[in-house]
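1. Okay, sequence plus prediction incoming.
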Amino acid sequence: MDKLKTGIKNFDNILSGGIPVYSLNIISGSPGSGKTILVQNIIFNSARDGLKSLYLTTISESQFKMVRHLQEFEFFSDDFLGDKFIYGDLGAVLRKQGTEKVLAYLTEMIKKHQPNILVIDSFKAIRDIFPDEKTFKAFVFDLAAALSVWEVTVFLIGEYEEKELTQLSEFAIADGIFHLYGQGEKRFQKRYLRILKMRGTHFEQGEHLFQISSAGIEVYPRIKPEGKGLQYEVRSGRKGFGITELDEMLSGGLKEGTITLISGGTGTGKTALALKFLLDGAEKGEKGLVLSFEEPVVQLIDNVRSLGWELDKYLADGRLDIRFISPIELDVDKHAFEIMDMVGENRVDRLVIDSISSFESSVIDLQKYKDYLWALGQQLKRRHVTTIFTVLNEDLFSPVVVTKAQISLMTDNIIILRYVEDDSNVKKVLGILKARGTNHNKDFREYEITPNGINILGKLDRANMLR
């Protein structure tokens, strides 16, 4: 089946390549939800592919006013106006000649311009002009019959509420239904898109975040495990920390492509240990990426230098990359997808997210937080990226608490770092609670962080440390 490529970031992916040509699509949503910009973005992208669009407005917005708004977007080009972008005022026809002349006007315009794409904005306004539902329903079916002959891909834009999508007659003739809406969260004004119907092609169901920027529309698909179930290839290789004693405790290191949780209180060295894992990979020629949600890049680099570790050469040659993302602006709907983009584009072997506690603090819905982490973890496993999540345990001397959100269930390995009071001294101990597929050491080992790095010391022979 031939498809119209929208050219919008990630949108064609969730449509399995694009919108079927000659289909009739309704773009619904409340005022300000982004309906018109979505369609205008599509038709200007299509103009670059040589396709012609006929854009008919029913609200009598002048072409001058429309162009003035479109000039803010990078996808706009006035070179297409009058050639690939044909503007028409259907509203004037409705007001002066009545609804009975609409089909005749459409036929005349399509015969004259022979467009590849037809847009009516707003179709809901036409409905409101008809005297009754019976007359409008007859018009809708006549329109559908005419459109099938004209062989044009159609977008009907309308301010419809979601409950109307299953009740009104125009939706019965639609091949595709796209519903746009927003959620008024306190920190972010989010926009979402759902494809409710699309005949003739597979599409990704569910709620997809989208943003409107100067570049136009950018879609961030709902992240979810790919393929069948949770199947992925398990590799036998191991990736160490470059700390001999710790790697021995792990029978050679973390299994390749697994997810590891490093949990500990503040100051226990979670970040340092995770960075040592990436440095060991860089020394072996592997690419590592740190996503820091707590420490800016400069501060993180300075802390690493204080441990005697040299990372500048790895930052310079691209084997190591550090990105800081402010937790205040963190939006997991967007960043979970961007993380996968960064991993794929940079062919990352080892990834550290420091810390996922910042993820948790940015999400109101705890179940959504867990769903995203689960999906993100599965995506990383499928790409064989060996990943470390650090998580803060806020109770420094508590019995073992890995995470409050019970996300330890989705990880393969758990390393805990904690403080222990011993003979009026505070000591740091490290233990491996879980390492799937590994006969790991069960001891709690004392460790120290010095200007020369992290040293794993002997077994701390103290009973009841886990209580």
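-> Cool, the structure landed. All values derive from a computational prediction rather than experimental measurement.

2. When you work out contacts or count neighbours from here on, use the C-alpha atoms and nothing else.
-> OK.

3. ok, which stretches of the stretch 351-467 of the chain are helices?
-> With helices called from DSSP state H, counting those that start in this stretch, the stretch 351-467 of the chain shows them at 356-362, 366-382.

4. Please confirm that Phe155 is located within a strand.
-> Yes. Checked against DSSP: H, G, I helix; E, B strand; the rest coil, Phe155 lies within a strand.

5. How much space separates it from Phe141?
-> Distance, Phe155 to Phe141, by CA to CA, to the nearest Å: 16 Å.

6. now swap in Asp321 and tell me
-> Counting by CA to CA, the gap from Asp321 to Phe141 is 58 Å.

7. Comparing these two, which shows the higher neighbour count?
-> Remark: of Asp321 and Phe141, Asp321 carries more neighbours, 20 against 15, as counted by other CA atoms under 10 Å.

8. Each with direction, which strands does the helix or strand hosting the more buried one pair with?
-> For Asp321, the host element (DSSP states H and E) is strand 320-324. Paired with strand 320-324 in the same sheet, following DSSP bridges, are strand 288-292 (parallel).

9. And the helix or strand following the strand it pairs with, what's buried?
-> Using DSSP H and E, the helix or strand that directly follows strand 288-292 along the chain is helix 297-305. Buried residues in helix 297-305, defined by neighbour count with 16 or more other CA atoms under 10 Å: Val297, Leu300, Ile301, Val304, Arg305.

10. so how far is helix 297-305 off the chain centroid?
-> Offset of helix 297-305 from its chain centre (CA atoms, centre = their mean, to the nearest Å): 28 Å.

11. Equivalent analysis for stretch 275-288, please.
-> With CA atoms, centre = their mean as the basis, stretch 275-288 stands 27 Å off its chain's centre.

12. quick one: contacts of it?
-> With contact meaning CA atoms under 8 Å, 6 or more residues apart in numbering, stretch 275-288 is reached by 239-242, 289-290, 304, 311, 314, 318-321, 346-352.

13. what mean pLDDT does that stretch have?
-> Averaged across stretch 275-288, pLDDT comes to 96.

14. still on that earlier bit, dump the buried residues of helix 297-305 to JSON lines, plus distance to Phe203 and pLDDT.
-> As requested, these are exported to JSON lines (distance: CA to CA, whole Å; pLDDT from 0 to 100):
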{"residue": "Val297", "distance to Phe203": "39", "pLDDT": "90"}
{"residue": "Leu300", "distance to Phe203": "42", "pLDDT": "89"}
{"residue": "Ile301", "distance to Phe203": "43", "pLDDT": "90"}
{"residue": "Val304", "distance to Phe203": "45", "pLDDT": "87"}
{"residue": "Arg305", "distance to Phe203": "48", "pLDDT": "89"}
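
15. can you tell me which of those residues lies nearest to Ile223?
-> Closest approach between the buried residues of helix 297-305 and Ile223, by CA to CA: Val297, at 27.0 Å.

16. Can you give me every residue that contacts the spatially closest residue to that closest one that is not a sequence neighbour?
-> Closest residue to Val297 apart from its sequence neighbours, by CA to CA, 6 or more residues apart in numbering: Phe324 at 5.9 Å. Each residue near Phe324 by CA under 8 Å, 6+ apart is listed here: Leu291, Ser292, Phe293, Glu294, Glu295, Pro296, Val297.

17. Can you tell me which of the residues you listed is closest to Gly32?
-> Once CA to CA is applied, the member of these that ends up nearest Gly32 is Phe293, at 31.6 Å.

18. what residues are up against the closest one?
-> Residues near Phe293 by CA under 8 Å, 6+ apart: Phe324, Ile325, Ser326, Pro327, Ile353, Asp354, Ser355, Ser358.

19. Who does the first one form a beta bridge with?
-> In this structure, Phe324 has beta-bridge partners Ser292, where bridges are defined by DSSP bridges.

20. As a check, name the ranges of all strands in the stretch 351-467 of the chain.
-> In the stretch 351-467 of the chain, the strands defined using DSSP state E, counting those that start in this stretch lie at 386-392, 413-422, 425-435, 445-450, 453-459.

21. For those, give me JSON lines that also has mean pLDDT.
-> Formatted as JSON lines, the strands of the stretch 351-467 of the chain follow (pLDDT from 0 to 100):
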{"stretch": "strand 386-392", "mean pLDDT": "93"}
{"stretch": "strand 413-422", "mean pLDDT": "88"}
{"stretch": "strand 425-435", "mean pLDDT": "90"}
{"stretch": "strand 445-450", "mean pLDDT": "94"}
{"stretch": "strand 453-459", "mean pLDDT": "92"}
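
22. By mean pLDDT, point me to the weakest helix or strand of this protein.
-> Between all helices and strands in the chain, the lowest mean by mean pLDDT, DSSP states H and E belongs to helix 356-362, at a mean of 73.

23. Now do that one: which elements does it pack against?
-> helix 366-382, strand 386-392 (3 or more CA pairs under 8 Å, 6 or more residues apart in numbering; DSSP states H and E).

24. can you rerun that using 10 Å?
-> Packing partners of helix 356-362 (3 or more CA pairs under 10 Å, 6 or more residues apart in numbering; DSSP states H and E): strand 288-292, helix 332-345, helix 366-382, strand 386-392.

25. Correct me if wrong: Arg194 contacts Leu209.
-> Yes. Using CA atoms under 10 Å, Arg194 is in contact with Leu209, at 9.0 Å.

26. neighbour count winner among the two?
-> More crowded of Arg194 and Leu209, by other CA under 10 Å: Leu209, with 20 against 16.

27. Pull out the buried residues from whichever strand or helix holds the more buried one.
-> Using DSSP H and E, Leu209 sits within strand 208-213. Burial within strand 208-213, assessed by neighbour count using 16+ other CA under 10 Å, is assigned to His208, Leu209, Phe210, Gln211.
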